[in-house]
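Student: Predicted coordinates and the sequence they were generated for:
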Amino acid sequence: MAHVVQHPPSETSQADPPLQLLDPSGNLSTDTRLPLDTATVDLPALYRDMVLARRLDTEAIALQRQGELGLWPSLRGQEAAQVGAAHALRSQDMVFPTYREHGVAWCRGLDPVSLLGLFRGTTLGGWDPYAHYFNLYTLVIGAQTLHAVGYAMGLYRDGSTGSDDPARDTAVLAFLGDGALSEGETNEAFVWAAAQNLPVVFFCQNNQWAISAPYSVQSRIPAARRAAGYGFPGIRVDGNDVLACLAATRQALHQARSGGGPTLIEAVTYRINAHTTADDAGRYRAAEETEDWTARDPLERLRTHLRSVGAVTDEYFTDLERREQDLAERLRSGCRGLAEPDASAPFEHTYARMPADLRQQLREHLEFVSTAPQDGERK
C-alpha cells in the first residue's frame, strides 16, 4: 500500500466560503455579489461544453496509456471553472492558459486534435496571436502570467480599453493554478498589472494540490485575499459551480475592458485525477478526500438543474452522446495522423529573420539528419 503523507486540510479557510449560485443539489439562488441575468445564459451550451471537455480529457488519457502521447495533464473535476470562465469571453479577448485548460481551448474553437501535438511531440508549440485568441499551452509554471500582462500592456497603450466601444475594448484572461501563486513570475505579474492598471483578469483554479504540495503549505489565507496586498480586487467562488464562475469572470472582464484594472478570481475546485499521467496521486492524497470531491461532480450539478427546470429533453442528451462518440473517434484518428515535424522547424520558428550563425547551424543539422541512420537501420 502506498504511503500517504498527512497534511493539514487542503481547503484553507472556512471564514471565506466561496460564493455560489448553483448548489450541489442543482438549486439556483441569487447573490448580489455575483450578479447574473440567467436570461443571457445558455445553460444547455454550458453543459454540452463541460461534457465534451471531459470526453476530450478521457480520450487523451486513453491515448497516453496506449503509448500515443508521452504525457497528459487531466482537467477532470475542473470543467465548470474552465467552461464558465470561457463563456464570459468576447471574441476579441485574449487567453493565456497553463497546460490544463483543455475546456477553455474547446470553448474558443480550437481543433482539439491540435492540443495533442505538444504531448505527442509533433510540435514544440509557438506563438500565434490569431489562433482563436488563445495562446498555446505554457509548460513553465507561472510564465503565462507575465505573457498575459505584457499583452495587456499593449492593449492599454493601444487604447483598446475604456473607449465604451464593445467591439474595441478588450481584456486578457490569464489562467493559473494554486501552485503558480508561489512562483516569482506570478507575483511580478500581479505587481505590474496593478501598478499599470492593466486590463487583465487572473483566474486561479485552486484545485487544492500543486503536484504533491497541498495549498495549506503554500498559504495561510485563501488565494483571493492575496489580491488586496497588490492593490486590486479578489473574489472567491465555488469552482464546481459553472454559473458562479461565469458571473465572476463576466464581471471582472467587464471591469478590465472598461479601464478598471485587474482582478484575481479564485475558483475553489479539485483535481480528481493525478497531476499528470506520470504522477501517482495515491502517494500523497488520501482516497477519502478524492472520493468526497468526486461526489461534488460539477457536471452532475448542472445536469440535475437542467432536468429540474425542464431546460432540455431526452433527445438533447441522446444527441450529446452522439457528439461525444464523434469527438472520441476524431481524437483517436487525428492523434495518430499528426504529421511528424520537419527537421528545420525548430530553427525556422525561432526568429522572424534568421541570423547567419543560426542559418549555418541549420545547414549542419539538416546534413546530419540526412546521413543519420533511420529506425531499424544499422550504422
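Tutor: Yes, it's here.

Student: And the helices in the stretch 1-150 of the chain?
Tutor: Assigned by DSSP state H, counting those that start in this stretch, the stretch 1-150 of the chain shows helices spanning 43-65, 79-86, 102-107, 112-120, 143-157.

Student: tell me what the first one is packed against?
Tutor: In terms of contacts (3 or more Cβ pairs under 8 Å, 6 or more residues apart in numbering; DSSP states H and E), helix 43-65 is packed against helix 79-86, helix 102-107, helix 112-120, helix 242-257, helix 298-308, helix 314-336. Heads up, the C-betas are built off the backbone N, CA and C, glycines and all.

Student: G334 versus D111, what's the distance?
Tutor: The gap separating D111 from G334 is 8 Å, by Cβ to Cβ, to the nearest Å.

Student: do Q78 as well
Tutor: For Q78, the distance to G334 - Cβ to Cβ - is 23 Å.

Student: Which one of these two is surrounded by more residues?
Tutor: Q78 (28 against 15; other Cβ atoms under 10 Å).

Student: does that one really touch V104, like I thought?
Tutor: No. The pair Q78 / V104 is not scored as a contact, 10.1 Å apart, by Cβ atoms under 8 Å.

Student: What ranges in this protein fall below the confidence cut-off?
Tutor: Across the chain, the ranges flagged by pLDDT under 70 are 1-15, 126-131, 375-379.

Student: again, only this time at 50
Tutor: 1-2, 7-13, 379 (pLDDT under 50).

Student: Ok, which of the helices and strands packed on helix 43-65 comes nearest T371?
Tutor: Each of the helices and strands packed on helix 43-65 has some distance to T371 by Cβ to Cβ; the shortest is helix 112-120, at 26.3 Å.

Student: Show me which residues of the closest one are buried.
Tutor: P112, V113, L115, L116, G117, L118, F119, R120 (16 or more other Cβ atoms under 10 Å).

Student: Could you take the helices of the stretch 1-150 of the chain and lay them out as a markdown table, with extra columns for distance to T371?
Tutor: Formatted as a markdown table, the helices of the stretch 1-150 of the chain follow (distance: least, Cβ to Cβ, whole Å):
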| stretch | distance to T371 |
| --- | --- |
| helix 43-65 | 33 |
| helix 79-86 | 47 |
| helix 102-107 | 39 |
| helix 112-120 | 26 |
| helix 143-157 | 37 |
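
Student: Just name the most buried of those.
Tutor: Of all the helices of the stretch 1-150 of the chain, helix 79-86 has the most neighbours on average by mean count of other Cβ atoms under 10 Å, namely a mean of 30.

Student: what sits against A244?
Tutor: P18, L19, Q20, L21, L22, L34, G84, V237, D238 (Cβ atoms under 8 Å, 6 or more residues apart in numbering).

Student: make it 10 Å
Tutor: 18-22, 31, 33-34, 36, 80-81, 84, 235-238, 265, 267-268 (Cβ atoms under 10 Å, 6 or more residues apart in numbering).

Student: Now do the closest residue in space to N135 that isn't next to it in sequence against W192, distance only.
Tutor: In space, and not counting its chain neighbours, N135 is closest to F96: 4.9 Å by Cβ to Cβ, 6 or more residues apart in numbering. Going from F96 to W192 by Cβ to Cβ gives 14 Å.

Student: And those two? Which one has more around it.
Tutor: The neighbour comparison of F96 against W192 (other Cβ under 10 Å) goes to F96, with 28 against 19.

Student: tell me which residues form a beta bridge with the more buried one?
Tutor: A174 (DSSP bridges).

Student: how much space is there between it and A80?
Tutor: F96 is 20 Å from A80, by Cβ to Cβ.

Student: Same check on E183?
Tutor: 25 Å.

Student: on that earlier part again, between the helices of the stretch 1-150 of the chain, which one is closest to L320.
Tutor: Closest among the helices of the stretch 1-150 of the chain, using Cβ to Cβ: helix 43-65, at 5.9 Å.

Student: Many thanks, I have nothing further to ask.
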